[in-house]
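Student: The following block contains a protein sequence and its predicted model.
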Amino acid sequence: MGNVAIIGLGAWSERFADWSALARGLRTGAWDRNAVLQPARIASRERRRAPKQVKMAIEVMSQACEMADLEPASVATVFSSAMGDMDITNYMCSALAMSPREISPTRFHNSVHNAPAGYWSIATGSHTPASAISAYRYTAPMSFLEAAIQAIEENVPVLVVTQETAAPVALKDTCPTDTDFSAAILLAPSDRSTTPVATVRFTLRSEAASWPHTPHDLANAYSDHPGAGLLPLLAAIAMPGAERVPVRLTFPVSAGSSIEVVLSTGAADG
């Protein structure tokens, strides 16, 4: 069992440009359409070459650090994606099958699973530890568990980002995502945060668990979306009520184990 504080949040999809828009949509059902993705932290020259998955990660991580008023270079990071950049994977497989000598060096450079970690460290000048996790459908809760343990054991703030892009046709049977989703949660040791957005007590259990319910109209859009695995947690944070009874959620982290999360929070508009 451990305790951590949530001190910053970020979010991006076509339906919401930031955490405030996601929280508002979760409360009211009113969503943006065609949200713009232009992460200012990436230099314009690099931004032209960076794939969408990298841009999503940098954008939501910057939002979370800004909310917490922390220097981005000072936080450890955990990047997570079930499938990595599926557009580049699809391109690489097709190119290798048809014209392997014509593979784009830039796309090859961006094909590695930890590409967002490299872009982030360059953009922020960070020398803090960075991890990259892939656990397919369990990726989001597994990355949250990794970040929470790091925050406690290393006594440092840890920024976890979960994300997945819409799958190309060739990969939809493997990962049936139809929309982009990215979210960042900045965790800190509970005794180091004076004004947290929320506090979390978590317990790892050696028992299977079902996925918690995804709220209202987002259920269909993200029901099979590995990048949105923590959406029920974000929804609990977004709900109004400054002094509510703690919310208890259980997320599977494997076929036979789970993490129980007890969240205490008020409304967080960002």
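Tutor: Ah, there it is.
Student: Start and end of stretch 13-21, how far apart?
Tutor: End-to-end distance for stretch 13-21, by Cα to Cα, to the nearest Å: 10 Å.
Student: what's next to that stretch, contact-wise?
Tutor: The contact list for stretch 13-21 (Cβ atoms under 8 Å, 6 or more residues apart in numbering) reads 9-12, 22, 25, 31-36, 63-64, 67, 179-182, 221, 268-270. All C-beta spots, glycine's among them, are computed from the backbone N, C-alpha and C.
Student: change it to 7 Å
Tutor: Contacts to stretch 13-21, defined as Cβ atoms under 7 Å, 6 or more residues apart in numbering, come from residues 9-12, 22, 25, 31-36, 63, 179-182, 269-270.
Student: Show me just the buried residues among those residues.
Tutor: The neighbour count (16 or more other Cβ atoms under 10 Å) marks 9-12, 22, 25, 31-32, 35, 63, 179-182, 270 as buried among these.
Student: Which members of the contacts of stretch 13-21 occur in strands, if any?
Tutor: Within those, residues falling in strands by DSSP state E are Leu9, Gly10, Ala11, Trp12, Phe181, Ser182.
Student: TSV for those residues, including distance to Ala147 and pLDDT?
Tutor: Below are these laid out as TSV (distance: Cβ to Cβ, whole Å; pLDDT from 0 to 100):
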residue	distance to Ala147	pLDDT
Leu9	13	97
Gly10	14	97
Ala11	16	96
Trp12	19	95
Phe181	18	93
Ser182	15	95
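Student: now, the most widely separated pair of those?
Tutor: Distance extremes for the ones in strands among the contacts of stretch 13-21: the farthest pair is Leu9 and Phe181 at 14.0 Å, using Cβ to Cβ.
Student: Let's have the ones in strands among the contacts of stretch 13-21 in CSV, adding distance to Pro100.
Tutor: Compiled in CSV, these are given as follows (distance: Cβ to Cβ, whole Å):
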residue, distance to Pro100
Leu9, 43
Gly10, 38
Ala11, 38
Trp12, 34
Phe181, 32
Ser182, 31
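Student: for the stretch 1-150 of the chain, what spans make up the strands?
Tutor: 2-12, 76-80, 130-133 (DSSP state E, counting those that start in this stretch).
Student: What pairs with the second one, parallel or antiparallel?
Tutor: Note on strand 76-80: by DSSP bridges, its sheet partners are strand 130-133 (parallel), strand 158-164 (parallel).
Student: which residues touch Ile7?
Tutor: Contacts of Ile7 by Cβ under 7 Å, 6+ apart are Ala68, Leu186, Ala188, Ser193, Pro196, Val197.
Student: rewinding a little: with the ones in strands among the contacts of stretch 13-21 in mind, which one is nearest to Ser81?
Tutor: Nearest to Ser81 out of the ones in strands among the contacts of stretch 13-21 is Ser182 (Cβ to Cβ; 9.3 Å).
Student: Between all of the buried ones among the contacts of stretch 13-21, which two are separated the most?
Tutor: Longest span within the buried ones among the contacts of stretch 13-21, Cβ to Cβ: Thr179 and Gly270, 21.3 Å.
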